[in-house]
Every structure is written in C-alpha cells, then in structure tokens.
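Chemist: Just to be clear, the model below is a prediction. Sequence and coordinates:
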Amino acid sequence: MSEPMKCVVLYTPADDVLPKAMEHFPAHSEWADKFVADGTLLMIGTFADVQADGSMAIFTDRAAAEAFVAGDPFVQHGVVVRHELRDWNG
C-alpha cells in the first residue's frame, strides 16, 4: 500500500530576505506552529544558502500547503517573491 501524496512548498526569497525575515519571523513561526500542531506541517526550513536557494516546507497534503501559503506573513510581506507547490510521493 502506498503512502498518501504529500505537498512540498518551495519559496524564492526576496533580494533583501534577511532583514525582512528577521522582522516577520515571529509571525511566520506562530503561523507555522498552527500547522505543526494540527499535524499537517511535517518539516520546514531554509536551505544552507537561503539567499541563493530559498526554503521549503513539506505538508501532509496540498490543501494544507495552499492554506499555509495563503496566510503566511512571509508571503504577505514580501519576504518571499515566489512560491511553488509540488505534489510529492515522499
């Protein structure tokens, strides 16, 4: 029996990601904690070079990923300039 499809969110950072991220991180973290608490956010974090490579999050399903992006302060305040959702067989 196969595992259910998960969804990965990839974020492309703004050119000035570090100062913007510092400002909005508390709200972003609080938002992410809600998804962790309900069990739909499995992993989240930046790549080693956040400016060059951005960040990603893994969700239990696409609906949770879409809801997260829609309310994420990083998206709302331009910390990230683009996001991509990919269904994943992980």
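Modeler: Sure, I can see it. Small disclaimer: the values here were computed from a predicted structure and weren't measured.
Chemist: I'd guessed residue 27 sits against residue 73; true?
Modeler: Yes: at 4.0 Å, residue 27 counts as touching residue 73 under the criterion of C-beta atoms under 8 Å. In this view, the C-beta of every residue, glycine as well, is placed from N, C-alpha and C.
Chemist: any idea how far the residue lying closest to residue 79 once chain neighbours are set aside lies from residue 75?
Modeler: Spatial nearest neighbour of residue 79, excluding adjacent residues (C-beta to C-beta, 6 or more residues apart in numbering): residue 20 at 4.5 Å. Residue 20 sits 12 Å away from residue 75, going by C-beta to C-beta, to the nearest Å.
Chemist: Need the phi and psi values for residue 46.
Modeler: Residue 46 adopts backbone torsions of phi -90, psi 160, taken as degrees, to the nearest 10.
Chemist: How about residue 75?
Modeler: phi -70, psi -50.
Chemist: ok, now residue 14?
Modeler: Residue torsions, per degrees, to the nearest 10, at residue 14 are phi -70, psi 160.
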